[in-house]
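Trainee: Any chance you could fold what I've pasted below:
(2 chains)
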Amino acid sequence: MSAEIRLMRTPAEQALSAALEQVPSAPGRLNELRRSAARSFNEQGLPHRRVEEWKYTDLRTLMREAVPVAGPAGVAEAEAAARLLAGALVRRIVVANGAVVPELSDFSELEEGLSLLPLAAAVAAGDERLSRLGGLVPARYDAALALNTALAGDGVLVHVAPGATLARPIHIAHVAVGQGPAASYARSLVVVGEGARATVVETFESVTGQADQVNSATEFYVGDHAHLDVVRIQALGPAAVSLTTLLFEVGREAQLHDFAFTSGAAVARTSLYANLVGEASQVAFNGAVLLKGRQHADSTLFVDHQVPGCESRELFKHVLDDSSRGVFQGKIVVRQAAQKTDGRMMSRALVLGDDAEMDNKPELEIFADDVQCGHGATCGAIDDDLLFYLQARGVPLKEAQSLLVQAFVGEAIETVEHDGLRDALIEQAEAWLKARG
Amino acid sequence: MPAVQETVEQVRSIDVDQYKYGFFTDIESEKAPKGLTEDTVRFISAKKNEPEWLLEWRLDAFRRWQTMQEPEWARVSYPPIDYQDLYYYSAPKAKEGPKSIDDIDPEILATYEKLGIPLRERDALLGIESTGGTRVAVDAVFDSVSVATTFKEELARAGVIFMPISEAVREHPELVRKYLGSVVPVTDNYFATLNSAVFSDGSFVYVPKGVRCPMELSTYFRINERNTGQFERTLIIADEGAYVSYLEGCTAPMRDENQLHAAVVELVTLDDAEIKYSTVQNWYPGDKDGKGGIYNFVTKRGDCRGARSKISWTQVETGSAITWKYPSCILRGDESRGEFYSIAISNGRQQVDSGTKMIHLGKNTTSRIISKGIAAGYSDNTYRGLVTAHRKATGARNFTNCDSLLIGDKCGAHTVPYIESKNASAQFEHEATTSKISEDQMFYCRQRGLSDEEATALIVNGFVKDVLQQLPMEFAVEAQKLISVSLEGSVG
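Mentor: Predicted coordinates:
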């Protein structure tokens, strides 16, 4: 409550502003999009704890330095790094250091109705479907998104024609490789046409323990009656900074199910913005976050009910070991027109480490009276009674804990519909528990 | 659900234009010159015959206040307040300080009679006996000064000090100096700092070791004068093993302009002590178009300093154009307990941004928050709360339940809880719907043969009554009259 403090620009902000001066010019509308994003970053910089949306993730402090923008990745390097879901029945596109690696990507034999191409290629070809790029804008300035808009040169354009059904999930595998910490920016656009059905998987990996800064933003347009499943796995190296922005627009009677598995990075922030613009759609945003050491992960959701009759569900499970810190901020907005909204948000945290911290901020902002909205948040250690029950039956302590943690995160993972992906996620959780010992 | 319908009708019937305490008492008053300067602060201090240290304390606060900015984070909006266009001190003109109740201006006595607050002890006794309740000692604050305190002698026999704070400064300087500003520091926030500079009166309560205060204590605040800010300061100390229940009520005349009320309440409990603080806030809310009404910017905080101490806040908020109020508990002592029960009703153009803070510092501390918000008309009703457990606060437990109900589609209900747990053994639960009843409780009821509906009704009823039942009997009646609203069938 003191006087406005003029903030000094941090070295990171200065370095980022310098990088923004190098923004290559792009054709047409994209050029202005990039320039205006760069301008707003130069004006507003990185968020700090006085910025309400970033209260618990003070990027100014957590991202002291900005590392140089990554150069092109070697094919072999990228191939070695992309290990998640290898061998799964997916169509894989590898995005290494923010650029699509055609040698490792499967653009062949596209199903009917599917267009899939590197974003850079679409930009170069002046693809008119790009008119939707940058079309979803959060209400408030978002530094991570501004940087991404200005600096991302490549990514994936997925376009599913109305009525088409994709047989295989599309897997966008982001990898950070190379010597020395580097920053990469990737931007993707996913458009699922009316009545179409698709599954998109995004994974994030890095081989080294380098302090890479991985910034990714994806816009999803879910058409009327369309059905989209999104699965994200963030398993970056333990020193990385991960900034992810997801923007959704959901049409009438559509179904969207998004699931995020987070176990990587030193600092991870996911901002998810969902605009429900068509009546009677159903959306779910679920997640499992498993952290150890001094990891920090922040999942922030804005679900904006603009029209009547939509249903939204959020279920987040945090498992916090050692002195890690989990943050969940979820905001459900119900506009005056959005009568008959049914919104339910649940955040549960299991705290294993004595020094771990969980910050929950579930918010409701409701302007319509005929709604069913609620949120819950719990946080605590493993129930001693449950442990005792298992131990009394001869299960050793560690194993008993593992079982209970598995059951705990299992509830969220079970919501993933795709069998193969669900199994892969369960494996990820098991591997995390095994590594814990 | 019929319960919902009943609620809807009852709230509608609380017409905003039917504020029955809106009369004005025409009484000559003595005011400080309009505006706020160091001279105003000196004037108030001189009026109160204050010692030098308190004047310095005020001036220090005033200087700090000048460097501060009004907080903007709350979900309320109002035109900027011109702090130079207010009177900071207004007192009913009296020839001499009233020696006894008979010396008080009959106009003022009549005012309190009209408000249903008996200041004459024999009336109080008569009135109370006929309703069969217990006795209540009242400190009546009229604009900037305390005009009467009842049952002083009987309280003194028990060792309880209950007097206007201006008197306590002179008679018990050691206590006031030790505790004043120790819970809400001078620099705490914009309005608390303003209050520290210009506070005029308020109540002071000290309950000595092991004493259970023989009666309820009560302060009744009345803003009468035009363009006057009321800045009262309440300080309540419960020494080891003591217990006191304190009630607060407030009303103001109907006026077209907004009036500022920026109070500070500090509570301190030492080992095994307990303070129960109840408020029925019924300041003038403004007319149906949002003209006039009180800006209620209040800082209330309790410090559970001792082990096993307890502070409980109960509030029924129905008035004020804008409410900005977060009664908090600092749970410093091991095994201390904080409670917050709130019913906040907003109608017309009212804006409420209220909630609580439970700050767990000691071991095995527990807290409970039950908040029921009802928004009607064009109002906005926000619950904003913080529950935090410090690293060393092992075994901290919190249960929070905040429900809100919207009546009509022009109003808004918002929930902004902050839940921060910094150690593994802390156990926090937060829920924000009535339908989200703990499965354990349902299971318990079902196991005993209740159907789901019966079980739900039982548990929900229990929750709602929790808030009303927290009020002392005298206030519960008033509160029920004020709202008589059933809270079943709420919406997040």
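
Trainee: And the strands in the stretch 1-150 of chain A?
Mentor: Using DSSP state E, counting those that start in this stretch, the strands found in the stretch 1-150 of chain A span residues A:91-96, A:99-100, A:114-118.

Trainee: A:Ala196: which of those is closest?
Mentor: Minimum separation from A:Ala196 across the strands of the stretch 1-150 of chain A (CB to CB) falls at strand A:114-118, 9.2 Å. No exception for glycine: its C-beta is placed from N, CA and C like everyone else's.

Trainee: I'd like the mean pLDDT over the closest one, please.
Mentor: Averaged across strand A:114-118, the pLDDT comes to 96.

Trainee: sorry, back to before: out of the strands of the stretch 1-150 of chain A, flag the one nearest chain B.
Mentor: strand A:91-96 (36.0 Å; CB to the nearest CB).

Trainee: Provide the strand pairings for that closest one, with the direction of each partner.
Mentor: Sheet pairing here is set by DSSP bridges, and for strand A:91-96 it gives strand A:99-100 (antiparallel), strand A:170-176 (parallel).

Trainee: hey, which of those strands is tucked in deepest?
Mentor: Among these, ranked by average contacts under mean count of other CB atoms under 10 Å in any protein chain shown, first place goes to strand A:170-176 (a mean of 27).

Trainee: Kindly state the beta-bridge partners for the residue lying closest to A:Pro118 once chain neighbours are set aside.
Mentor: Of all residues not flanking A:Pro118 in the chain, A:Val100 sits nearest, at 3.8 Å (CB to CB, 6 or more residues apart in numbering or on different chains). Legend: beta-bridge partners of A:Val100 under DSSP bridges are A:Val95.

Trainee: what are the ranges of the helices in chain B?
Mentor: Here chain B has its helices, by DSSP state H, at B:2-13, B:38-47, B:52-67, B:106-114, B:121-131, B:152-158, B:165-171, B:173-179, B:190-198, B:439-447, B:452-470, B:473-482.

Trainee: Out of those, name the one with the poorest average pLDDT.
Mentor: Ranked by mean pLDDT, the helices of chain B bottom out at helix B:121-131, which scores a mean of 45.

Trainee: And the residue of the stretch 201-350 of chain B that's closest to chain A?
Mentor: Of all residues in the stretch 201-350 of chain B, the one sitting closest to chain A is B:Thr299 (11.5 Å; CB to the nearest CB).

Trainee: which ones are touching that residue?
Mentor: Listed by CB atoms under 8 Å, 6 or more residues apart in numbering or on different chains, the contact set of B:Thr299 reads B:184, B:188-189, B:191-192, B:195, B:262-265, B:325-326.

Trainee: With respect to A:Ala12, which of those residues is nearest?
Mentor: Distance to A:Ala12 across those (CB to CB) is lowest for B:Asn189, with 31.7 Å.

Trainee: Now the closest one, what are its backbone angles?
Mentor: Phi and psi for B:Asn189, reported as degrees, to the nearest 10, are phi -160, psi 170.

Trainee: so it touches B:Gln69, yeah?
Mentor: No - the criterion here is CB atoms under 8 Å, and B:Asn189 misses it with B:Gln69 at 10.5 Å.

Trainee: Compare those two and say which is more crowded by neighbours.
Mentor: Set side by side, B:Asn189 and B:Gln69 show more neighbours around B:Asn189, with 20 against 10, by other CB atoms under 10 Å in any protein chain shown.

Trainee: which one in chain A is furthest away from the centre?
Mentor: A:Ala392 (40.7 Å; CA atoms, centre = their mean).

Trainee: Return the per-residue confidence for it.
Mentor: Reported pLDDT for A:Ala392: 96.

Trainee: Nice, that's everything, thank you.
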